[in-house]
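Asks: Fold the following, please.
(2 chains)
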Amino acid sequence: MAKELKELTSREENYSQWYNDLVIKAGLAENSAVRGCMVIKPYGYAIWEKMRDALDAMFKETGHQNAYFPLFIPKSFFSREADHVEGFAKECAVVTHYRLKNNPEGDGVVVDPDAKLEEELIVRPTSETIIWNTYKNWIQSYRDLPILCNQWANVVRWEMRTRLFLRTAEFLWQEGHTAHETSEEAQEEALRMINVYKTFAEEYMGVPVIVGHKSPNERFAGALDTLTIEALMQDGKALQSGTSHFLGQNFAKAFDVKYVNREGKLEYVWATSWGVSTRLMGALIMAHSDNNGLVLPPKLAPIQVVMVPIYKGAEELAAVTAKMDEIAAGLKAKGISVKVDARDNVRSGFKFAEYELKGVPVRVAMGPRDMANGTVEIMRRDTLVKETVSQEGLVELIEGVLKDIQKAIFQKALDFRNSMITPVDTWEEFVKVLDEKGGFVSAHWDGTTDTEVAIKEATKATIRCIPLDVVDEDGVCIYSGKPSKRRVLFARSY
RNA sequence: CGGGGUGUAGCGCAGCCCGGUUAGCGCGCCAGCUUCGGGAGUUGGAAGUCCCGGGUUCGAAUCCCGGUACCCCGACCA
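Replies: Residues are numbered from 1 along each chain as shown, chains lettered A, B, ... in the order given. Model prediction:
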């Protein structure tokens, strides 16, 4: 394996290839036999579980409950909201039959033509329609509101081009679907949840994000407003990492969901939906990793501390691992996840490289010299700096180092991100920055979809968002020269 | 869906152009000995429907036709 692991291509050569190799070699995921789908391996799934658990706790903290809705959506449900159909029609997997039979003309099986469904079923690309069809039965009065549900599920979108984690045909996600009495309440909910995502991205993933509104052109199909968190990858491309939508009464109208309000009158309910997916895994990998492999934030690392014994012979190994087990017990008591790797079929140098590839935040190595001196060697993954420290007070030291790594990788990503937001005022500058520097470009835009589309065609850059904290400032659109009231963020993106 | 590339042992590849003994190499795996503070050395061993189907030929990993899967680039999208 030694040589093979070294073959991680450098980021500078081909970022996409590097990312793909890293995902596969670090044991996170691989392509499945089914076109565009992925197999998430145990180590990758352990990271997803960490993310899922942290998010789930935050959803519950904000008053949400989990539920589960069907995988299959009758075609007729799907077509009730016009914008929604248009947004998803091109990428739906469709179930047309319910039975196979032995091939009468030879080997294998064929679809039984007698088993054609009356109405085709769509494999959910998102669940608004089936959920709103259900909510119709749940809601009659203002006393039934709000409904604050989330579901953890898989969805299928038959994308033309796929990339591990970033865009797969099937992906895992959570989708929140809420129903409210008033427009204001629904909008507050949408804002609350995008801020939950921001907190999660920054405090757990260590990935700084910009919160803002999508332009009308980039909005979710069927939404009145889409809020987004936009992250920046190390190659200067943006990644939409989570969205929260104010759906207005569109789905309530499409599925006829009315409630009796406090004045005794029938009214359509107001809705939101919000989601993040396994794409966050891609964000995590691309935001922090280096040419030695993954760099995981301690809060999401399946293994936070790995202990590698250095020894000659079985006796020394036993002695060193006994001491390590003792230290590990102390760490575990503090809630730190530790692995003592006492394998004797690979050498310690191999283990070092392996855990670096997997992004384990802290490595502790101990050999006979340390045993004699009462020390250990400790290395942090983010800086790769090694230090020999006393075994005395080691648990507290490691606790501190983990916190420090969590902070440091966020700060590093934040500094990089901030250095990659470039204000420009002319079209020439705009094109130049996109081509030569990348990252976000802060520029005036006249607010029209025509201009946005023209810019996209000319440069491949899209409006990532209109930041929530944008300050109003008079200017002229970099493309059309028409007046503009504020800057928006453009970038090339995944 | 268009352009380019790849498919040969668990993994990474050579061989193919120019058909010809028993299909090789590195890593990994199994056994032994020596090693062990940054991806060990050595000796022996196991492991292959050469992506699938058809064709040409005395003979096909190699040539021809068809299919299929994956990767990169583009259009589309979270």
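
Asks: Does A:Arg464 belong to a helix, a strand or coil?
Replies: The assignment at A:Arg464 comes out as strand when based on DSSP: H, G, I helix; E, B strand; the rest coil.

Asks: Pretty sure it sits against A:Lys456.
Replies: No - the pair A:Arg464 / A:Lys456 is not scored as a contact, 11.7 Å apart, by C-beta atoms under 8 Å. C-betas here are computed from N, CA, C, even on glycine.

Asks: Compare those two (neighbour count), which wins?
Replies: It is A:Arg464, of A:Arg464 and A:Lys456, that has more neighbours when counted by other C-beta atoms under 10 Å, with 26 against 16.

Asks: which residues sit in contact with the more buried one?
Replies: Contacts for A:Arg464 were tallied using C-beta atoms under 8 Å, 6 or more residues apart in numbering; they are A:210, A:212, A:228, A:230, A:238, A:240, A:440, A:489-491, A:493.

Asks: what about it, distance to A:Gln187?
Replies: Applying C-beta to C-beta, to the nearest Å, one obtains 21 Å for the distance of A:Arg464 from A:Gln187.

Asks: now A:Val346
Replies: Using C-beta to C-beta, one gets 56 Å for the distance from A:Val346 to A:Gln187.

Asks: more crowded one of the two?
Replies: Summary of the neighbour comparison: A:Val346 and A:Gln187, criterion other C-beta under 10 Å, with A:Gln187 having more neighbours (18 against 13).

Asks: Could you confirm the more buried one falls within a helix?
Replies: Yes - when three-state DSSP is applied, A:Gln187 is found to be in a helix.

Asks: can you give me the helices in the stretch 51-200 of chain A?
Replies: Counting by DSSP state H, counting those that start in this stretch, the stretch 51-200 of chain A has these helices, from start to end: A:75-78, A:82-88, A:128-138, A:183-199.

Asks: and those helices as JSON lines, adding distance to RNA strand B and mean pLDDT?
Replies: As requested, the helices of the stretch 51-200 of chain A are arranged in JSON lines below (distance: least, C-beta to the nearest atom of the strand, whole Å; pLDDT from 0 to 100):
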{"stretch": "helix A:75-78", "distance to RNA strand B": "15", "mean pLDDT": "89"}
{"stretch": "helix A:82-88", "distance to RNA strand B": "6", "mean pLDDT": "84"}
{"stretch": "helix A:128-138", "distance to RNA strand B": "12", "mean pLDDT": "96"}
{"stretch": "helix A:183-199", "distance to RNA strand B": "12", "mean pLDDT": "98"}
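
Asks: Out of the ones you listed, which gets nearest to A:Gln17?
Replies: With distances scored as C-beta to C-beta, the stretch of the helices of the stretch 51-200 of chain A nearest to A:Gln17 is helix A:183-199 (29.3 Å).

Asks: who's in contact with that closest one?
Replies: A:55, A:58-59, A:62, A:146, A:148, A:176, A:178, A:180, A:209, A:211, A:225, A:227-229, A:241-248, A:270-272, A:274, A:276.

Asks: which parts of that helix are buried?
Replies: Of the residues in helix A:183-199, those buried under the neighbour-count criterion (16 or more other C-beta atoms under 10 Å) are A:186-187, A:189-191, A:193-198.

Asks: Give me the next element, helix or strand, following it.
Replies: Under the assignment DSSP states H and E, the closest C-terminal helix or strand after helix A:183-199 is strand A:209-213.

Asks: Distance of the spatially most central residue of chain A relative to A:Glu118?
Replies: Geometric centre of chain A, nearest residue: A:Leu280, 1.4 Å, by C-alpha atoms, centre = their mean. In this view, A:Leu280 and A:Glu118 are 39 Å apart by C-beta to C-beta.

Asks: Would you map out the domains in chain A?
Replies: For chain A, the structural domains run A:28-288, A:298-408, A:421-491, going by automatic domain parsing.

Asks: a markdown table for those domains, including distance to A:Leu22?
Replies: Supplementary listing: these in a markdown table, determined by distance: least, C-beta to C-beta, whole Å:
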| stretch | distance to A:Leu22 |
| --- | --- |
| domain A:28-288 | 6 |
| domain A:298-408 | 8 |
| domain A:421-491 | 20 |
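
Asks: Out of those, flag the one nearest A:Asn20.
Replies: Scanning these with C-beta to C-beta as the criterion, the closest one proves to be domain A:28-288, at 6.2 Å.

Asks: Quick check: which element contains the nearest residue to A:Met205 once chain neighbours are set aside?
Replies: Excluding the flanking residues, the one nearest A:Met205 by C-beta to C-beta, 6 or more residues apart in numbering is A:Leu284, at 5.3 Å. In this assignment (DSSP H and E), A:Leu284 forms part of helix A:279-288.
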